[in-house]
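K.L.:
Below are the sequence and a predicted model; questions follow.
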Amino acid sequence: MWKTVVLLLVTIVIVPIAGFYFSEPLNDLQWTTVKELAIIYLIAGISCFAVSTLAKNYSQVDKLWSIIPIAYVWFAAYRGDFEPRLILMSTMVTIWGARLTYNFSRRGGYSWKFWTGDEDYRWAILQARPEFSNPLVWGIFNLLFISLYQMGLILLFTLPIVKSMGGGPLAWADYLCAAGIIFFVILETIADQQQWNYQKEKYRRINTNEDLGEFYGKGFTHTGLWGLMRHPNYASEQAVWVVFYLFSVAATGSWLNWSIVGCSLLLVLFKSSSDFSEKISAEKYPEYENYQKTVPRFIPFTKF
């Protein structure tokens, strides 16, 4: 836990400082856009906290994870007079968001009662821990991390579009970035579908008292892309936003700028999130520990 906290602090402090040092500061238009986006973020973050507290459903941020980035980037594109690069970036985010929204929706994430819907099982497990048994402690955690930090992270990993304002005409690097995002969106789609098929059939057999057999008896998806990496959906999600940052590199000609903080923090978050998920899976499924030893976490054919 403390290692993650330290890494988050280093990332959120050191990375932006280095980015500001090695790149040009924001111009007036960029500063104005960031301030306006920050207002939207605060309204969304506080709303998520209020709704989750009242409804006792702490996946309110999850409902906006794939939607509000679309609003952020198109607002920035509007402020940037719809420059071609900004339109291309916004289109890529819209494609990413539409797919992820569909996947979240089919898992029961949305309801006409917007404050209800499927809740991430990890929040209940985390809330049951002794350190979060005090309602006040959990409320502070909900406000600072679940609501404000996560919503802030969403804003941060979309900010390369602000840095890309006034970046000149489109070039081959922009089209390469767009192709990269499409590739990883397709990869994530395949991974999610493979997991959906596996879990759906597993629970169908459980509900009808059929024999699970060796394949479904393992309890977790372990073939296809999941046979190459333990979290192909997580890996693709991270890759999308790393590539999105590269649009700002194409726009500025500088490999390092302050907007890298968003995708950097996302990498840290997914590392800690996968640590937590894997701990739960290892306790639930006897064969998961061997799976961890034989299949890399994020990058095929490596130890990572």
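P.N.:
On my side now, so go ahead. As the structure is a prediction and not an experimental result, all values here were calculated from the model.

K.L.:
For the stretch 101-250 of the chain, which segments count as strands?
P.N.:
With DSSP state E, counting those that start in this stretch, there are no strands along the stretch 101-250 of the chain.

K.L.:
Okay, now the unreliable bits of this structure?
P.N.:
Low-confidence segments of the chain (pLDDT under 70): 1-23.

K.L.:
now with 80?
P.N.:
1-25, 115, 304 (pLDDT under 80).

K.L.:
biggest helix in it, by residue count?
P.N.:
Ranked by number of residues, the top helix in the chain under DSSP state H is helix 172-207.

K.L.:
what's the nearest residue to A44 if we skip its chain neighbours?
P.N.:
Leaving aside its chain neighbours, A44 sits nearest to M151 (5.5 Å; criterion: C-beta to C-beta, 6 or more residues apart in numbering). Just so you know, the C-beta spots here come from the backbone N, C-alpha and C atoms, and that holds for glycine as well.

K.L.:
what's that neighbour in contact with, if anything?
P.N.:
Residues near M151 by C-beta atoms under 8 Å, 6 or more residues apart in numbering: 41, 44-45, 48, 61, 64, 68.

K.L.:
same deal with S133?
P.N.:
Neighbouring residues of S133 by C-beta under 8 Å, 6+ apart: there are none.

K.L.:
Sketch out the helices for the protein, chain order is fine.
P.N.:
According to DSSP H, the helices that the chain contains are 2-22, 28-55, 60-65, 68-79, 84-106, 121-127, 135-141, 150-158, 160-163, 172-207, 213-217, 232-252, 260-284, 288-294.

K.L.:
Pretty sure E119 sits against Y58.
P.N.:
Yes. E119 is within contact range of Y58, at 6.3 Å (criterion: C-beta atoms under 8 Å).

K.L.:
what about those two, which has more around it?
P.N.:
Y58 (24 against 18; other C-beta atoms under 10 Å).

K.L.:
if I pick that one, what's in contact with it?
P.N.:
52, 119-120, 123, 127, 142, 146 are the contacts of Y58 under C-beta under 8 Å, 6+ apart.

K.L.:
quick one: which of these is nearest to E83?
P.N.:
Comparing these against E83 with C-beta to C-beta places I146 closest, at 34.9 Å.

K.L.:
Please report how far the closest one lies from I46.
P.N.:
I146 sits 12 Å away from I46, going by C-beta to C-beta, to the nearest Å.

K.L.:
Neighbour count: those two, which is higher?
P.N.:
I146 (23 against 14).

K.L.:
Pull the contacting residues for L225.
P.N.:
187, 190-191, 194, 232.

K.L.:
Distance check, it against W115.
P.N.:
34 Å.

K.L.:
What of I140?
P.N.:
Relative to W115, and taking C-beta to C-beta, I140 is found at 21 Å.

K.L.:
With that, I have no additional questions.
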